[in-house]
Structure formats: C-alpha cells, structure tokens
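Peer 1: sequence-free structure coming up:
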C-alpha cells in the first residue's frame, strides 16, 4: 500500500492529466462531449449494479436465518442499528451528509453550484448499502442519482468541457443513475425533465439519451439480462370493455397519495425536532425496527413482496410476521392496511433520520399493495376484475401522485417489468392520480368574530 501511495498514485495522476491534455488539444468539443456522455453512462451503470449487489449481500446475510412462527429479532435489531450506523459513517468517515440526494441536486442546480466533490461518486453508494441492506424501508435511486451526478460533473471537468456543460453533465449523470438502477432509459430522461426541472434544447437531449441508454444497458448486461421485477403469469392484454375502473382507481390512488405525503411529512417534522443527531437516529431506528418486526414486508426496497402480489400470492405477505398462522383468513387485509398506513412514515423516517436512501422504489411497492387491497375489495363487492392488472397500474399511480412526475412513473412501471402492452392503462391511471394528488385544496378559514362578541 505504501508503494502504491508513493509511486503508483502520483504516476496514475500524471497519466490521467496527460490524457486530459491530449483530448483537449486534439479532440473537438463535440467529440469530448460524446466521450463524457459514454464514460458517465458506463460508470453510472456499473455503480448501480455494484449498489444492488451490496444491498443484496447485506440483506441476505442478515435474513437468511429467519423462521416462521414467533418473533424474528433480527428484523428489529438490524433496522434499529441501520440509521445510527449510517449516520455515524457520514459524520466520522465521510465528513459530509450524503442523504436526500435528489433534494441536494435540485438545490445545487438552483444555486448554480455544479462542482461536486469526486468522493460523492462512491460515498452515497456505500451509505445506501448499509441503510437499505440492513432493512431501511426505502429505495436506492436517490444515492445512485447523487453518485451519477458527481460522476458527470467530474468527467466534464476532466475533459475540460466549457462551463455550461458541467451543469448539463450533472443532470445527465443523475439521469443515468436513475436509468441504471431501474434499467429504464426513458424514465431516466423524464427524471431530468420532471424532477430536476432542467430545460434542454435538441442537442443536449441527444447527450441525455446517450447517457441513459448506455447506463441502463450496462446495468442490464451486468445483472445477467434479467429485469428487476419478473411478472410471472401476467395477463398482458387489457380488456377495454372494463375501462371504467381505471378512473376510479386513479381517483382513489390520488387521495391515498395525499395521505402518504402527509404522514411522511408529519414523521419528518417530528424527527427533525430532535437536535442531537445520534438521539434522533437511535429513536428513529427503534421506531423503524418496531414497524418492520410487525410487518416484515417493509424491510428494504420490497421488490420480493411486490413480485408476490403481482403473481397473486397474497398469503406470502404475512411470512415471518406475527400474523403468519392466520394467513388464510383475515390476516392479509389487516397486513395490507397496516402497510398502507405506515409505509409513508417508514420511508420519510429512513430518509430524514440518518439513512442514505431514495423514495422512488417505495412508491412502486406501496402502489402494488394498494392495488392488492382494492382487488380484494372488488371481490367482496362482487366485481370480477383482474387482480394483477389493478396492482400493476397502481404502481404507476402511486409514483405519479407522490413524486409528482407522471411521465417518469409511467415509463418506470412499464420498463421495470418490460410490459409495454399495458402502456395506455398505466398512463391513464398515472395522470388521474397525479391530477388528484396535486390538486390544491384551500384550507377553511375560521370565522372571525366581532370584538366583544
């Protein structure tokens, strides 16, 4: 190691500077922009794959010994320690806060601060592996978007692009991270437009498409050419004679999205009132562990439970929970109701009490759970509706209403499962949910009384 630090590292630095100088002298600006886009896409795709592997390894190591019946204390202890450990790593090892990556990117773009430290290319990945791998009830897209933005920003500086292109590459890198983590290139492009709010002309859009396509296909190749959500036994043809239930579900999901955001913001405000970081992280970890030991499907991203619902195996939602013995009776609706009530608080707690994670994947999970509960309600009311399709379209509806990005939600849903034949139903429900969730409802004002009355 000492030999590397004294000899190899300075030499590699000189070689990289020489390469950058050669590119600056001999390559046109367009060629350097293309090289930066390709490099950013490749690194973001590889980073997303590494992040998924780390999360899976940590999660499997902790949950491989779970047993049915009784209480699995690892489901309490691991999430309870995840937030304090992630917070300690950020303060003592990273010496910076790498949580809430999407919020920080929007703030940096607004403040015109496009120069991100190169350490951000890997620090959010490591923090997310600890948080989500140990049971944090959130996703991995925020950290990889933050890491991708750092990759794009530093790649632009390395190739000495004009100052304006550093801003573009920050957004392109973030989009590449989203495209890679979901294997959804179109969704990554709409993330830049809808979530980050960047305004692009024709030429930059081509660079954005290059970054997202390369990142998504790199992640897809490294993961063995398999989608993250395998929809087994799916009914991919929609019966348009039953189109009437799509607006109804969109309306219900829009109202639920308002509850999700309200409960999450309530939890966030309560945790931020605790001024001491380690006290906030420890208390939030205990709260999160209590929720997960009661509802184990809240552990991590929840893709496993999502696939069970899409496959129609609702009884598996009670696995490793106190309700496991009653899985065939009333336990499944009770479990679904509990998940819908507390998922928003769990996600906002993870993201705002020391954890390094994202908030997009949980919306797909909670939409699927809401669709399963509505399908059970339709059966109780005597309506014959396709259960898996209800759960599927509700995934897009939840993301559109909670994240307020209907186009990104639509394409993430169809690309993550590679089911493009249901694009119209998914798009319909997503836009209705978004309209209802974003509707401004003025608060009633109290009646003013005359003095002395």
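Peer 2: Ah, there it is. Being a predicted model, the structure only gives us computed values, none of them experimental. Residues are numbered from 1 along each chain as shown.

Peer 1: only C-alpha atoms from now on, for both contacts and neighbour counts.
Peer 2: Noted.

Peer 1: where in this structure is pLDDT low?
Peer 2: Applying pLDDT under 70 to the chain flags residues 1-29, 69-70, 232-235, 325-329, 441-453.

Peer 1: nearest residue to the middle of it?
Peer 2: Nearest to the geometric centre of the chain sits residue 360, at 3.1 Å (C-alpha atoms, centre = their mean).

Peer 1: my read: that one touches residue 144, true?
Peer 2: No - Residue 360 sits out of contact with residue 144 when judged by C-alpha atoms under 8 Å, with a separation of 11.9 Å.

Peer 1: what's the longest helix in the chain?
Peer 2: Using DSSP state H to define each element, the chain has its longest helix at helix 29-63.

Peer 1: what are the buried residues along that one?
Peer 2: 32-33, 35-52, 54-56, 58-59, 62-63 (16 or more other C-alpha atoms under 10 Å).

Peer 1: list the helices and strands the following helix or strand past that helix packs on?
Peer 2: Moving toward the C-terminus from helix 29-63, the next helix or strand (DSSP states H and E) is helix 74-88. Contacts defined by 3 or more C-alpha pairs under 8 Å, 6 or more residues apart in numbering; DSSP states H and E place helix 74-88 against helix 29-63, helix 123-133, helix 277-294.

Peer 1: could those go into a markdown table alongside distance to residue 432?
Peer 2: Converted to a markdown table, those look like this (distance: least, C-alpha to C-alpha, whole Å):
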| stretch | distance to residue 432 |
| --- | --- |
| helix 29-63 | 31 |
| helix 123-133 | 31 |
| helix 277-294 | 31 |
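
Peer 1: ok, which of the ones you listed comes nearest residue 191?
Peer 2: Set against residue 191 and scored by C-alpha to C-alpha, the helices and strands packed on helix 74-88 come closest in helix 29-63, at 15.1 Å.

Peer 1: which helices and strands does that closest one pack with?
Peer 2: Under the contact criterion of 3+ C-alpha pairs under 8 Å, 6+ apart, helix 29-63 touches helix 74-88, helix 123-133, helix 141-158, helix 163-182, helix 202-222.

Peer 1: 7 Å instead?
Peer 2: For helix 29-63, the elements it packs on are helix 123-133, helix 141-158, helix 163-182, helix 202-222, judged by 3 or more C-alpha pairs under 7 Å, 6 or more residues apart in numbering; DSSP states H and E.

Peer 1: just say helix, strand or coil for residue 200.
Peer 2: The local conformation at residue 200, judged by DSSP: H, G, I helix; E, B strand; the rest coil, is coil.

Peer 1: so it versus residue 207, what's the distance?
Peer 2: Going from residue 200 to residue 207 by C-alpha to C-alpha, to the nearest Å gives 10 Å.

Peer 1: please say which of those two ends up with more neighbours.
Peer 2: Neighbour totals were compared for residue 200 and residue 207, and residue 207 leads with 19 against 13 (other C-alpha atoms under 10 Å).

Peer 1: how far away is the more buried one from residue 312?
Peer 2: Applying C-alpha to C-alpha, the value for residue 207 to residue 312 is 41 Å.

Peer 1: cool, and residue 255?
Peer 2: 25 Å.

Peer 1: compare neighbour counts for these two and give me the winner.
Peer 2: Set side by side, residue 255 and residue 312 show more neighbours around residue 255, with 19 against 16, by other C-alpha under 10 Å.

Peer 1: what helix or strand does that one sit in?
Peer 2: Using DSSP H and E, residue 255 sits within helix 245-272.

Peer 1: which of the residues in that helix are buried?
Peer 2: 246-247, 249-261, 263-265, 267-268, 271.

Peer 1: other SSEs contacting that helix?
Peer 2: Identification of packing neighbours for helix 245-272 by 3+ C-alpha pairs under 7 Å, 6+ apart yields helix 331-352, helix 387-403, helix 423-437.

Peer 1: what angle do it and helix 277-294 make?
Peer 2: Orientation check (axes from the mean of the first three to the mean of the last three C-alpha atoms, to 10 degrees): helix 245-272 against helix 277-294 gives 140 degrees.
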